[in-house]
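> Just the structure for this:
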Amino acid sequence: MQELADVRLTAWVHGYVQGVGFRWWVRSRALELGLTGYASNKPDGRVQVVAQGPRDACQRLLDLLESGKTPGRVDKVVADWSEVGETMTGFTER
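Have a look, this model is predicted:
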């Protein structure tokens, strides 16, 4: 069943998302959804979120990122879907 296959979501979150607890918030939501991966600050002020797991759980995380109910201020989220990459355990802040 293809719809049950695990996927990788890579999302670049633009806005005021560094220094406001955003990565910690993403980690908490991802763990609640049973996802693995990481959230990482980028030098240009974005946060990159890489999450792996069931597509519906990854979509829920993306919906949360776009909800406007995050720490800081999200102006835009650019998402890319792909096949699962390397095996990851847990969800970390980088």
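> for the helix or strand that D56 is a member of, packing partners?
For D56, the element it lies in under DSSP states H and E is helix 55-65. When contacts are defined as 3 or more CB pairs under 8 Å, 6 or more residues apart in numbering; DSSP states H and E, helix 55-65 sits against strand 6-16, helix 22-32, strand 47-54, strand 73-82. No exception for glycine: its C-beta is placed from N, CA and C like everyone else's.
> Tabulate these in a markdown table, adding columns for mean neighbour count and distance to S67.
Formatted as a markdown table, those follow (neighbours: other CB atoms under 10 Å; distance: least, CB to CB, whole Å):
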| stretch | mean neighbour count | distance to S67 |
| --- | --- | --- |
| strand 6-16 | 18 | 12 |
| helix 22-32 | 19 | 10 |
| strand 47-54 | 22 | 14 |
| strand 73-82 | 13 | 8 |
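> Let me know the average pLDDT across the helix holding D56.
On average, the pLDDT along helix 55-65 is 97.
> And for M88, nearest residue in space, chain neighbours not counted?
Sequence neighbours aside, T36 is the residue nearest to M88 in space, at 4.2 Å (criterion: CB to CB, 6 or more residues apart in numbering).
> In the sheet, which residues pair with the one you found? Tell me.
When bridges are called by DSSP bridges, T36 pairs up with Q52.
> quick one: it and V84 touch, right?
No: with contact defined as CB atoms under 8 Å, T36 does not reach V84; the gap is 9.5 Å.
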